[in-house]
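**Student:** Provided below for reference: sequence and predicted model.
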Amino acid sequence: MTHILAVSGSLRKASFNTGLMRAAEQVAPDGVSMTGMTLHGIPLYDGDEEAAHGLPEAVIAFKDAIAKADGLLLVTPEYNNGIPGVFKNGVDWASRETNAFRGKPVAIIGASPGGFGTILGQNHWLPVVRTLGMRPWFDGRLMVSRAGEQFDNDGNLTDESTRERLRELLAGFAAFVAL
């Protein structure tokens, strides 16, 4: 069975991206297990703290989840046309000591209240993905725009068309991961 780790880059309780991650868990194709996680509990990176105390427990758990996954689904918000600081911070921690990302297949999706989805945030990930030595999947893309119309007040995806696009994307990505 192929195992995909989906990571939401948002900490907000009713986050559109965490809701999109939960929807991905629900529509994962047969033969694929998907686990979703957020970056709650990961502190801001501080090299002095790392030198004095090593990796925090939340970072170790994140790195372990990455190591156990066959592929990664990054579910990214877009803040000021780029990667949210919370997400980049978690990735920076997980690349310490040993790079947890090297060789991992990765797909990037996201949701935004704006009209362009997360196109700039997803593009902003590309140099990071390259630097970390990940294997990006470029055959599918999902940028959910006007997310306020597609999610309920609790951050649950309610739009069936978007759910179907997500299902198709995950089928393609799972096939890539299985190669």
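**Tutor:** Sure, I can see it. Numbers count the residues shown, from 1 in each chain.
**Student:** Leu74 should be in a strand, yeah?
**Tutor:** Yes: the assignment for Leu74 is a strand, going by DSSP: H, G, I helix; E, B strand; the rest coil.
**Student:** isn't it right next to Phe101, touching?
**Tutor:** No: taking contacts as CB atoms under 8 Å, Leu74 lies outside contact range of Phe101: 10.2 Å. For the C-beta atoms, the positions are set from N, CA and C on the backbone; glycine is no exception.
**Student:** I figured Lys104 hits Ala67, correct?
**Tutor:** No: counting by CB under 8 Å, Lys104 stays clear of Ala67, with 9.2 Å between them.
**Student:** neighbour-wise, which of these two wins?
**Tutor:** Applying other CB atoms under 10 Å to Lys104 and Ala67 shows that Lys104 carries more neighbours, namely 21 against 13.
**Student:** can you pull the contacts of that one?
**Tutor:** Taking CB atoms under 8 Å, 6 or more residues apart in numbering, we find Lys104 in contact with Ile66, Ala69, Gly71, Leu72, Met134, Arg135.
**Student:** neighbour count winner among Leu74 and Phe101?
**Tutor:** The neighbour count for Leu74 versus Phe101, taken as other CB under 10 Å, is higher for Leu74 (26 against 21).
**Student:** give me the distance between the residue nearest to the more buried one when sequence neighbours are not counted and Met134.
**Tutor:** Once flanking residues are discounted, Leu74 sits nearest to Ile108: 4.7 Å by CB to CB, 6 or more residues apart in numbering. Distance of Ile108 to Met134, computed by CB to CB, to the nearest Å: 10 Å.
**Student:** more crowded one of those two?
**Tutor:** Ile108 (24 against 20).
**Student:** give me the distance between that one and Val75.
**Tutor:** 8 Å.
**Student:** Gly121 now?
**Tutor:** For Gly121, the distance to Val75 equals 11 Å [CB to CB].
**Student:** same question for Asn81.
**Tutor:** 18 Å.
**Student:** who has more neighbours out of the two?
**Tutor:** Val75 (30 against 12).
**Student:** which residues does that one contact?
**Tutor:** Ala6, Val7, Ser8, Gly9, Asn17, Thr18, Leu20, Met21, Ala24, Ile109, Gly110, Ala111.
**Student:** ok, residues contacting the helix or strand the second one falls within?
**Tutor:** Yep, that's Val7 we're talking about. Per DSSP states H and E: Val7 is located in strand 2-8. Residues from elsewhere that reach strand 2-8, judged by CB under 8 Å, 6+ apart: 15, 17-18, 20-21, 24-25, 28, 31-39, 65-66, 68-75, 87, 90, 170, 173-174, 177-178.
**Student:** check the residues you listed for burial and list the buried ones.
**Tutor:** 15, 17-18, 20-21, 24, 28, 32, 34, 36-39, 65-66, 69-75, 87, 90, 170, 173-174, 177 (16 or more other CB atoms under 10 Å).
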